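Asker: sequence first, then the predicted structure, then my questions.
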Amino acid sequence: MNTNTSNGDAREHAREVLLAAVRGLVLAVAVLPFSVLFLVLTLLSVALIPLGVGIVTTPWVLTAVRALADNHREIAARWAGVPVESAYRPVPAGANPWTRTFGMLRDPQVRRDVLWLPVNMTAGFTTALLPAVLLLYPFEGFALAVGLWRPMADGTYWYGFVPVRGQATALAAGALGAVVLVAAWRLVPRLLTAHFRLTRAVLAPDQDELAARVRVLTETRRDAVDSSAAELRRIERDLHDGAQARLVVMGMDLGTVEALIDTDPEQARRLLAQARQNSAEALGELRDLVRGIHPPVLAERGLGDAVRALALRLPIATEVAVDLAGRADAPVESAAYFAVSEALTNAVKHSGADRIWVDLHHADGMLRITVTDNGRGGAVVAPGSGLAGIERRLGTFDGVLAVSSPAGGPTMATMEIPCALS
Ligand SMILES: Nc1ncnc2c1ncn2[C@@H]1O[C@H](COP(=O)(O)OP(=O)(O)OP(=O)(O)O)[C@@H](O)[C@H]1O
Ligand SMILES: [Mg+2]
């Protein structure tokens, strides 16, 4: 029984050792060329910034580096259970490549990604390759010991620190091989973990950065809680003053109808008509209220159609272009919808424009929305108002708002939310 268990344990461990060696080998072979390539591309691209070309290429290259690092993070978690955190700053809004390039280069996480490339192609490569080497090297020692092969070269052949000259030293080489095999048996899984620990040491953000990130999240969470509490109060007030009040009046009307129906049918009929009117209005108000919470068209047809429906109700000619290959999460869709709604309301209220353009598209894990009008401009993000509300709403999802609105127009509100489409 006991030997069975230890046999099973040994088999399990052997499997683990083999797996670690193979995985290390795969990593070493696969990651090395990418690290070298991306490092060269990054250096080239940054060097070309003064010539202008780099401004365009750098964001692409850095995004590719990030993808490589993200891939390695995932493998670290899956193969060795080593979590490698990341703390990328949201990429600045607006398609301006200049802002993108320098925004990305200023991000400490992006810089760590780039620093990780040379580390990964040297120390990372070595630690990844070592398990396989440790596991294979003993077999050369064994081959020497049993005389399967003899070094043909003149002079001394070194196996490790053993100079192989004859049968005795060949046996010593075999012994050394056995020692190395025992070491491999113990060390190989740990070596692979060490590789990922190294990755983590270079890639993971330090405490200060995480603390700053927590501060931002705490703030946006508080904003989200605040605004949902305010939203609840608004709904409560709307229900109280609207539908609830109408239902009360309806109830009273119906009571009077009950009393009058025999004595004064004429008056009763008038009151019935009034009650019907009240019920229709209560229904309308409830519908509006529901639309303000989560418009049914948004839930059913998604962001693109909901924004189109919104545009149809505007008094200004509005063009909507949608390029979304799927649906974002419901909270993201809802935030985006209300952000667009506020931007459109602003354009109608303040801009004096006669045309509005809305563009929604999703690329590189980012939902980008622009609302542009050809009005008089002069929009400002002031605390407490609608635009600041958009900023807060988007902030909950690490999204950003940028408003460009020179005097004389046009006004363009750009919103970006990092998210995936289903
Ligand atoms: N599209 C626009 N064109 C011109 N001016 C704008 C536009 N959008 C906003 N503004 C100006 O920017 C100010 C701030 O807009 P914001 O939405 O933050 O507040 P508001 O619309 O005045 O109030 P609220 O949204 O809370 O009802 C507006 O008062 C307006 O003067
Ligand atoms: Mg507004």
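Answerer: Received the coordinates, thanks. Ligands and ions are numbered 1, 2, ... in the order given.
Asker: count of residues packed around His361?
Answerer: Using other CB atoms under 10 Å, His361 has 15 neighbouring residues. C-beta coordinates here come from the backbone N, C-alpha and C atoms, glycine included.
Asker: oh, that last question was meant for Asp9, not what I typed.
Answerer: Asp9: 10 neighbours (other CB under 10 Å).
Asker: do Val114 as well
Answerer: Neighbours around Val114, by other CB under 10 Å: 19.
Asker: now name the helix or strand holding it.
Answerer: Val114 is part of helix 108-119, with elements assigned from DSSP states H and E.
Asker: does anything pack onto the helix or strand following that helix? Which helices or strands?
Answerer: Beyond helix 108-119 on the C-terminal side, the first helix or strand identified by DSSP H and E is helix 125-145. If contacts are counted by 3 or more CB pairs under 8 Å, 6 or more residues apart in numbering; DSSP states H and E, helix 125-145 sits against helix 2-47, strand 157-159, helix 167-203.
Asker: buried stuff in stretch 195-215?
Answerer: Residues of stretch 195-215 classed as buried: His195, Phe196, Leu198, Thr199, Arg200, Val202, Leu203, Ala204, Pro205, Glu209 (neighbour count, 16 or more other CB atoms under 10 Å).
Asker: same check, this time on stretch 354-373
Answerer: Applying 16+ other CB under 10 Å to stretch 354-373 flags 356-360, 362, 366-373 as buried.
Asker: do stretch 34-48 as well
Answerer: Phe34, Ser35, Phe38, Leu39, Leu41, Thr42, Ser45, Val46.
Asker: can I get these in a markdown table including distance to Val257 and pLDDT?
Answerer: Below are these laid out as a markdown table (distance: CB to CB, whole Å; pLDDT from 0 to 100):
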| residue | distance to Val257 | pLDDT |
| --- | --- | --- |
| Phe34 | 80 | 91 |
| Ser35 | 83 | 92 |
| Phe38 | 80 | 94 |
| Leu39 | 84 | 95 |
| Leu41 | 81 | 95 |
| Thr42 | 80 | 95 |
| Ser45 | 80 | 93 |
| Val46 | 81 | 92 |
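Asker: most distant residue from the middle of the chain?
Answerer: Here the chain reaches farthest from its C-alpha mean at Thr263, the gap being 70.7 Å by CA atoms, centre = their mean.
Asker: quick check: which element contains the residue in the stretch 101-250 of the chain positioned nearest to ligand 2?
Answerer: When scored by CB to the ion, the stretch 101-250 of the chain has Ser227 as its residue closest to ligand 2, at 14.8 Å. Remark: Ser227 resides in helix 207-239, with elements defined by DSSP H and E.
Asker: find the nearest non-adjacent residue to whichever residue of the chain sits closest to ligand 1, please.
Answerer: Ligand 1 sits closest to Gly386 of the chain, with a gap of 2.2 Å, by CB to the nearest ligand atom. Excluding the flanking residues, the one nearest Gly386 by CB to CB, 6 or more residues apart in numbering is Glu342, at 4.7 Å.
Asker: list the contacts for the one you found?
Answerer: Contacts for Glu342 (CB atoms under 8 Å, 6 or more residues apart in numbering) come out as Gly386, Leu387, Gly389, Ile390.
Asker: how many residues are close by the residue nearest to Gly399 when sequence neighbours are not counted?
Answerer: Nearest in space to Gly399, with sequence neighbours left out and distances taken as CB to CB, 6+ apart, is Ile417 at 3.5 Å. Applying other CB under 10 Å, we find 26 residues neighbouring Ile417.
Asker: so how far is Ala402 from the residue of the chain closest to ligand 1?
Answerer: 15 Å (CB to CB, to the nearest Å).
Asker: do Leu19 as well
Answerer: In terms of CB to CB, Leu19 sits 48 Å off from Ala402.
Asker: repeat for Ser228
Answerer: 25 Å.
Asker: same deal with Ala306?
Answerer: Ala306 is 23 Å from Ala402, where distance means CB to CB.
Asker: comparing these two, which shows the higher neighbour count?
Answerer: Per other CB under 10 Å, whichever of Ala306 and Ala402 has more neighbours is Ala306, with 23 against 17.
Asker: quick check: phi and psi on the one residue in the chain that gets nearest to ligand 2?
Answerer: Proximity of the chain to ligand 2 (CB to the ion) peaks at Gly386, 2.8 Å away. Here is the backbone geometry of Gly386 (degrees, to the nearest 10): phi -60, psi -40.
Asker: and it, how many neighbours?
Answerer: Gly386: 19 neighbours (other CB under 10 Å).
Asker: give the buried residues for stretch 411-421.
Answerer: In stretch 411-421, counting by 16+ other CB under 10 Å, buried: Thr411, Met412, Ala413, Thr414, Met415, Glu416, Ile417, Pro418, Cys419.
Asker: can you count the residues close to the nearest residue to the first one once chain neighbours are set aside?
Answerer: When the adjacent residues along the chain are set aside, Thr411 lies closest to Ser405, with 4.1 Å between them (CB to CB, 6+ apart). For Ser405, the count of nearby residues is 22 (other CB under 10 Å).
Asker: can you verify my assumption that Ser405 contacts Met412?
Answerer: Yes. Under the criterion of CB atoms under 8 Å, Ser405 makes contact with Met412 at 7.2 Å.
Asker: quick one: Trp149 is in a helix?
Answerer: No. Trp149 is assigned coil when assessed by DSSP: H, G, I helix; E, B strand; the rest coil, not a helix.
Asker: once you drop chain neighbours, what's closest to it?
Answerer: According to CB to CB, 6+ apart, the nearest residue to Trp149 is Ala143 (5.3 Å).
Asker: now do the one you found, the pLDDT please.
Answerer: For Ala143, the model assigns a pLDDT of 87.
Asker: tell me how many other residues crowd it.
Answerer: 17.
Asker: re earlier: who are the packing partners of the helix holding Val114?
Answerer: Counting by 3+ CB pairs under 8 Å, 6+ apart, helix 108-119 packs on helix 2-47, helix 53-80, helix 167-203.
Asker: distance to ligand 2 added to the ones you listed, as JSON lines?
Answerer: Putting the helices and strands packed on helix 108-119 into JSON lines (distance: least, CB to the ion, whole Å) gives the following:
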{"stretch": "helix 2-47", "distance to ligand 2": "41"}
{"stretch": "helix 53-80", "distance to ligand 2": "32"}
{"stretch": "helix 167-203", "distance to ligand 2": "42"}
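Asker: out of those helices, nearest to Met121?
Answerer: Nearest to Met121, of all those, is helix 2-47, at 4.0 Å by CB to CB.
Asker: for the closest one, packing partners?
Answerer: Going by 3+ CB pairs under 8 Å, 6+ apart, helix 2-47 lies up against helix 53-80, helix 108-119, helix 125-145, helix 167-203.
Asker: thanks a lot, see you next time.
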